[in-house]
Every structure is written in C-alpha cells, then in structure tokens.
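Colleague: the following block contains a protein sequence and its predicted model.
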Amino acid sequence: MPLLDIHHVAIKTQDLEATDRFYEQVLGLEKIERPDFDFPGTWFDLGSTMFHIMAGDAGLGKNGKPTQGSASVDHVAVKAHDYDAMKQTVVDLDMPHREFAIPDFGLWQLFVRDPNGVIIELNFTVADEPEGSTGPGTDNLFVPGEF
C-alpha cells in the first residue's frame with residue numbers, strides 16, 4: 001500500500017496565540033521548527049504526525065473570511081494517556097467538553113474544541129490508564145451532532 005501514515009493536520013486560525021496555547025498547554029504538544037513561510041503559524045509534534053497551525057492570510061477561507069469548526073471533517077482523533085488528568089485540565093480551564101466510554105473496545109473518550117471550533121477527540125485505552133483512574137462520568141455524555 002503506498003500510504004504510510006498521516007503526515008500532518010492543518011488548522012486555520014485568526015487567533016494564533018489562543019490556538020498555540022490550546023495545543024501546547026491543554027493537549028501538551030511540543031512546538032517544533034517551522035520553515036520561514038510568508039505567513040504566521042506554528043508546527044506541533046505528535047509522534048509521527050504534526051499539527052500545522054496557519055494564521056494571517058493563510059488562516060482565512062477561500063472567501064477571505066475567517067473559518068470556524070471542522071467543516072466536512074467532523075473531528076480529529078488522537079491517542080492519549082491519563083484520562084483523569086486531561087479531564088481535570090479541561091475542567092480547571094472551564095472548557096466545554098463531552099465524555100464517552102466504549103466498554104466493548106476498552107476505550108474512554110474525551111471531546112474538546114480548539115479555539116477555532118475544531119473538535120479534538122482524545123482516545124484513552126482503559127487497560128493502559130493509571131491504576132485507580134475513574135474515566136468518564138455519566139452526566140456529560142457525547143452525542144454525535146450535539147457538540
């Protein structure tokens with residue numbers, strides 16, 4: 001098969017500072033070197049995949065206006081670890097979020113939106129979570145199309 005992996009996900013923004021803060025401080029991604037393009041932006045490392053944040057004119061839609069949300073792409077899902085700590089981070093920052101558990105697949109999920117409205121789905125393998133982890137509650141469940 002000629003395809004090997006996802007190289008990067010590109011996200012447009014008009015608020016580079018808030019977007020960088022989300023990917024760096026909330027998700028814990030590391031900034032990496034970025035070429036000197038003629039528009040502002042940031043690159044973040046996530047294993048073999050990167051997040052490319054594009055601002056300025058490159059962060060605008062084809063109509064020249066800022067974009068919002070994920071459009072035809074519903075969400076970006078990533079593997080994560082330490083559900084309880086991540087949930088506490090989003091609660092402490094008063095960020096809207098949704099939770100879900102898929103017991104048959106041993107997964108806990110936490111859904112958050114970046115400052116541009118892009119849904120980030122964080123997937124946690126229950127068997128790999130720290131001992132004593134509590135996982136998703138039952139009062140803030142994810143319903144497709146409602147977040």
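Modeller: Now that the structure is in, tell me what you want to look at.
Colleague: beta partners of the residue positioned nearest the centre of the chain?
Modeller: Taking Cα atoms, centre = their mean, the centroid of the chain lies closest to residue 120, which sits 3.4 Å from it. With DSSP bridges applied, the residues forming beta bridges to residue 120 are residue 76, residue 112.
Colleague: so it sits right up against residue 76, yeah?
Modeller: Yes - taking Cβ atoms under 8 Å as the definition, residue 120 is a contact partner of residue 76 at 5.7 Å. The C-beta positions use only the backbone N, C-alpha and C, and glycine is treated the same way.
Colleague: where does pLDDT dip in this structure?
Modeller: With pLDDT under 70 as the threshold, the chain has low-confidence stretches at 1.
Colleague: domain ranges for this protein?
Modeller: The record, using automatic domain parsing to delimit domains, assigns the chain the ranges 1-67, 69-147.
Colleague: partner strands of the helix or strand hosting residue 52 and their direction?
Modeller: Using DSSP states H and E, the secondary-structure element containing residue 52 is strand 49-54. Taking DSSP bridges as the criterion, strand 49-54 sits next to strand 8-12 (parallel), strand 41-46 (antiparallel) in its sheet.
Colleague: which one of these lies nearest to residue 142?
Modeller: strand 8-12 (20.4 Å; Cβ to Cβ).
Colleague: roughly how far apart are the nearest residue to residue 60 once chain neighbours are set aside and residue 10?
Modeller: With Cβ to Cβ, 6 or more residues apart in numbering as the criterion, residue 60 has its nearest non-adjacent residue at 6.2 Å, and that residue is residue 66. For residue 66, the distance to residue 10 (Cβ to Cβ, to the nearest Å) stands at 15 Å.
Colleague: just residue 56 next, same as before
Modeller: When distance is defined by Cβ to Cβ, residue 56 is 14 Å away from residue 10.
Colleague: could you do residue 2 as well?
Modeller: In this structure, residue 2 lies at 21 Å from residue 10, with Cβ to Cβ as the measure.
Colleague: out of the two, which sits in the busier spot?
Modeller: Looking at residue 2 and residue 10 with other Cβ atoms under 10 Å, you find the greater number of neighbours at residue 10, namely 13 against 3.
Colleague: spit out the contact partners of the closest residue to that one other than its chain neighbours.
Modeller: Computed as Cβ to Cβ, 6+ apart, the closest residue to residue 10 that is not its neighbour in sequence is residue 52, at 4.5 Å. By Cβ atoms under 8 Å, 6 or more residues apart in numbering, residue 52 lies in contact with 8, 9, 10, 11, 34, 41, 42, 43.
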